[in-house]
Structure formats: structure tokens, C-alpha cells
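In: Below: sequence and its predicted model.
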Amino acid sequence: MPGTVVMKFGGTSVADASRLKRAAQRIVAKREAGHRVVAVLSARGKETDRLIADAHEVSPHPDPREMDMLLSTGERVSCALCAMAINDLGHRAISLTGSQAGIVTDTSHTKARILEVRADRIRSALDEDHIVLVAGFQGVSTSKDVTTLGRGGSDTTAVALAAAIGAEECEIYTDVPGVFSADPRIVPNARKLDVVQFDEMLEMAASGAGVLQLRSVEYARNHGVRIHCRSSFDESEGTKVVSEEETMENPLITAVTHSRGEARVTLVGVPDSPGVAGRVTTALADANVHIDMIIHNEPESADARAEMSFTIPRDDVPTAEAALTPLCDELGMEVKTDQTMGKVSIVGAGMKSHPGVAAKVFTTLGENDINIEMISTSPIRISCVVPGDKVEDAVRALHSAFELQGSDTIRPEQPFGEFV
Ligand code: ADP
Ligand code: ASP
Ligand code: MG
């Protein structure tokens, strides 16, 4: 007997009335095939960006609690409208906010983490033969305030609900046919991956492949949720995120990813004494700012001062500056930020057992006249900070150097933003 399925539709997939109705039809078709269905919807089109812009029009540093009140509205609109469309198709639907759906988070406004899902209301609505629509990207904090889960957070809502209700699969419907060997908007002949291992998907999401939010992949791995990322525009099979045991082979390189969402912060005049790096990183951790790469340059002479650079999400620059100011005043350091940097990474589980991958990355970038400014690695990833305006060239050069292209290009004749 078909089981319970969670279906998540991203912003492009519910952007206008006809797409929203198409999503409603797809949800209904799943129900008519005998499944119990929970659907998680994102805000329509660019609504979240618009709401953020509205906030910045009235306040340079919007209060995070109020920001969450504002941002949570986008996904509620989508769910209410979709419930109406489903009711018109002769099925019974009920829309729920994150709070009504029982998603309890910590109190970190704008990037809250899910602590618990109390899914009884969803379960009883399913038992009453309802299709349940849940507003993505939001929850209620342990202090009873509305919270949001960070950009792309509806993916995490979907996975968390799938775990809580024991769904057989969590389907992520999006505007591309699956997870590709590079962002298909930058590399038109990128290859669609039929399966990708959790470890690789985690590295890909962490290094910028925004197709799945990093936390959703972490959550799925920790709770054994099966993710199927696929197109909302056609019926084709997408990409399944699977465990290492389920994959037949370890390709050397699986994907090239990139990000422009980070900034580099450099502390100049860092005293060369024990404990300073710890104090800097603690100040940032206390402010809930996640550091990615770190470079610490030792001074040439014993009495000189050092320099420390690290990369952080660009949106966190004001918070980081505020967190570091007291320390800088105390230790006589200066903060400089570079917001124009970009990052390119290659990810592949087979890299572990093959020397020479780093050499090929650096040589390829060098041959393409792309300067590497910082490097970080994990056993299955190599990341390079490059000038922001060189990111796309770097992605294409590495994708081609490692021969990742697929046999078909994905409809390059279509206008940007549309793969239908
Ligand atoms: P949604 O609104 O459905 O959540 P997102 O914009 O968050 O959609 O994610 C889908 C987008 O992710 C695609 O349109 C694509 O440009 C981008 N993307 C980046 N890297 C990849 C990749 N490796 N594979 C597929 N899509 C990717
Ligand atoms: N609407 C939110 C965003 O744009 C959450 C999501 O779509 O997953 O980031
Ligand atoms: Mg998304």
C-alpha cells in the first residue's frame, strides 16, 4: 500500500497562478495514487527577496525577531492559495503555519535550528483524509516567537516533516531536473546526477550548490530520510541522495560548485601571542557567525604583528564587525572586509584515494589566468577563493578539465531561469 510522502515545491514552482495550480494538480495526483500527502511550499517567486528589501527600506539593521515575522508571511500565502486550489479540485486540504505544524526551533532568529517536530496535528489531519500544506522555512521558538530557518530553509522543513511522520520519501520539486555536476545556469552541458552520496551532497551544499539547503541534507542523513530532488515541470526522474553503501562506484570528481555569498574579513595587526585566534573565533561563534576558511600569517620578526583572514557569509558581515569591534579596540587590530570574492570547489568521494587532483585544479585555474587567493580542503573537496568576477570562468574551466559534461545539454535555447 502506498505510504506517506512529503512533496516540497520551491519558489519558482509556485511563482504564479498557473504554476501554483500545476503544483496543486501534482499534489492531488499523488493523493489519488493512494498516498497520504504533506506538501511544503516556499514563498512565491522572489517574494522573500522582496520582503527583505522592504525591511531594509525602513531600517538599516532590521530587528531579527521582526524580520522573522515578516519573512514567514511569504510561505503562508503560498499554502493558503494552494489549499484553495486543491479544494477546487475536489479534495480536502488544510494549510498550516510552521508553528501549527509543530516545528519547534531554537531562538536564533533568521537562522533557527529545528529542535523538535510535534507532528500530531499533521497526523490527525492526514487521518481525516486531508492533504496537509505546511508553510516552509519557519517554526516557533522555545520562547514562542516565529522563527525562520535561513535561506532555502523550506527544504529543511520538508525533510524534518518526512522524518517526523516516517514518510517513505521526501520529494523536492524545483526548477531544474535534479542535482547537476555544476549549476546548469553556468554550465549548460552539466550532467544530471542520478544518485549522489550524502557526503558529497553535504560538501556540495556547503560549498554553494543551493539546490538543497545544507541543513536539509544533514537532517536527512541523521534521520535516514530519502530525498528525491526533481523537476516540478515534468515527470522525469531526478536525483536521489543515497548512503555510501547504496552507490555502486566512487567517481573521482562528482561536481564543481561555486558561491558568491561570502565575504573575506581580514584582521590586520593581530598580536602574535597565544590565545588571540581563540578569542576571535569565540567572539564570532557567540554571535552565531559561521567561519569557513581561515588563514593566519605569522609575522616575519618576533616583535611584528600577524594577519588573520577568514571567510564568512556576506549577510553576517555587520554582525561580525559588531562582534569583533570590542576585541579590536582592546588588542589594537583593524578589520578590513572584501565583499567581492568568490569561491569555486570541486567535490568527489573518489578524490580520497587519488593523488594529483589538487595539482590539476591549481594548474587549470593558472592556465585560465585565475588567481587563487585562499585554499581549503576536506578529504573529498578542494575549495579556492578567486576574484568574484572570475567565478564563472573558474567553474567552466574545472568542469571541462575534469570532463564532467553530460551527453545532452539541457535546453540552452531556453531563457535564463526556465528549464521547461
Ligand atoms: P527552489 O526555489 O526550488 O528551492 P533554488 O533556487 O533554491 O530552488 O535551487 C535551485 C537552483 O539551484 C537551480 O535553479 C540552479 O540554478 C541552482 N543550482 C546551483 N548548483 C546546482 C547544481 N549543482 N545542480 C542543480 N542546481 C543547482
Ligand atoms: N523562501 C525562503 C527563501 O527564499 C525559503 C525557501 O524558499 O526555501 O530562502
Ligand atoms: Mg531552495
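Out: Arrived safely, thanks for sending. Numbering: from 1, shown residues only. Ligands and ions are numbered 1, 2, ... in the order given.
In: how about the residues of this structure near ligand 1?
Out: 10-13, 42, 152, 174-176, 179-180, 182-185, 209-211, 255 (CB under 6 Å from any ligand atom). C-beta coordinates here come from the backbone N, C-alpha and C atoms, glycine included.
In: Identify the single longest helix in the protein, thanks.
Out: helix 64-88 (DSSP state H).
In: strand partners of whatever helix or strand comes next after that one, parallel vs antiparallel please.
Out: Per DSSP states H and E, the first helix or strand lying C-terminal to helix 64-88 is strand 93-96. Applying DSSP bridges to the sheet, strand 93-96 is found paired with strand 131-135 (parallel).
In: What is the helix or strand of the chain with the lowest mean pLDDT packed up against?
Out: Least confident helix or strand of the chain, by mean pLDDT, DSSP states H and E, is strand 294-297 with a mean of 85. The helices and strands touching strand 294-297, judged by 3 or more CB pairs under 8 Å, 6 or more residues apart in numbering; DSSP states H and E, are strand 306-313.
In: Does the strand it packs on reach ligand 2?
Out: No. Judged by CB under 6 Å from any ligand atom, strand 306-313 stays clear of ligand 2, getting no closer than 13.1 Å.
In: So residue 280 sits against residue 325, correct?
Out: No. With contact defined as CB atoms under 8 Å, residue 280 does not reach residue 325; the gap is 12.0 Å.
In: So which of these two has more stuff around it?
Out: residue 280 (25 against 13; other CB atoms under 10 Å).
In: Could you check how far the more buried one is from residue 331?
Out: Using CB to CB, to the nearest Å, one gets 9 Å for the distance from residue 280 to residue 331.
In: Tell me, how many residues neighbour residue 158?
Out: Residue 158 sits with 32 neighbouring residues when counted by other CB under 10 Å.
In: Might you report the residue contacts of it?
Out: Contact analysis of residue 158 by CB atoms under 8 Å, 6 or more residues apart in numbering lists 6, 7, 8, 40, 136, 170, 172, 216.
In: Just the ones in strands from the residues you listed, please.
Out: In this view, the contacts of residue 158 that belong to strands under DSSP state E are 6, 7, 8, 40, 170, 172.
In: Across the sheet, point out what pairs with the first one.
Out: When bridges are taken as DSSP bridges, the partners of residue 6 come out as residue 38, residue 170.
In: pLDDT value on it, please?
Out: With respect to pLDDT, residue 6 scores 98.
In: could you measure the residue of the stretch 101-250 of the chain at minimum distance from ligand 2 against residue 172, distance?
Out: As assessed by CB to the nearest ligand atom, ligand 2 sits closest to residue 154 within the stretch 101-250 of the chain, at 3.3 Å. Applying CB to CB, the value for residue 154 to residue 172 is 9 Å.
In: got it, and residue 229?
Out: 4 Å.
In: shared neighbours, these two?
Out: Residues touching both residue 229 and residue 172 by CB under 8 Å, 6+ apart: residue 212.
In: Just want to know which of the two has more residues nearby.
Out: residue 172 (29 against 25).
In: Which residue, other than its chain neighbours, is closest to the closest residue to ligand 3 within the chain?
Out: Scanning the chain for proximity to ligand 3 using CB to the ion identifies residue 152 as nearest, at 4.0 Å. Once flanking residues are discounted, residue 152 sits nearest to residue 213: 3.7 Å by CB to CB, 6 or more residues apart in numbering.
In: How confident was the prediction at that neighbour?
Out: At residue 213, the model reports a pLDDT of 98.
In: Need phi/psi at it.
Out: phi -70, psi 140 (degrees, to the nearest 10).
In: Contact partners for it?
Out: Applying CB under 8 Å, 6+ apart to residue 213 gives the contacts 149, 150, 151, 152, 153, 154, 155, 156, 205.
In: I'd say residue 74 and residue 47 touch.
Out: Yes. In this structure, residue 74 is within contact of residue 47 by CB under 8 Å, at 4.2 Å.
In: the more surrounded of the two?
Out: Neighbours were counted for residue 74 and for residue 47 using other CB under 10 Å; residue 74 has more, 26 against 19.
In: now the more buried one: how far from ligand 2?
Out: Taking CB to the nearest ligand atom, to the nearest Å as the measure, residue 74 falls 6 Å from ligand 2.
In: what do you get for residue 353?
Out: On the measure of CB to the nearest ligand atom, residue 353 and ligand 2 end up 36 Å apart.
In: just residue 400 next, same as before
Out: Taking CB to the nearest ligand atom, one finds residue 400 at 31 Å from ligand 2.
In: Spatially, which residue comes closest to residue 353, not counting chain neighbours?
Out: residue 250 (7.9 Å).
In: What residues does that neighbour make contact with?
Out: Counting by CB under 8 Å, 6+ apart, the residues that residue 250 touches are 348, 349, 350, 352, 353.
In: Now do the phi/psi pair for it.
Out: phi -110, psi 100.
In: Same check on residue 192?
Out: Dihedral angles for residue 192 - degrees, to the nearest 10 - are phi -80, psi 130.
In: give me every residue that touches it.
Out: So residue 192 contacts 177, 178, 179, 180, 238, 239, 406, 410 (CB under 8 Å, 6+ apart).
In: taking these one by one, which sit in strands?
Out: residue 239.
In: Weed out the non-buried ones from the contacts of residue 192.
Out: 177, 178, 179, 180, 238, 239, 410 (16 or more other CB atoms under 10 Å).
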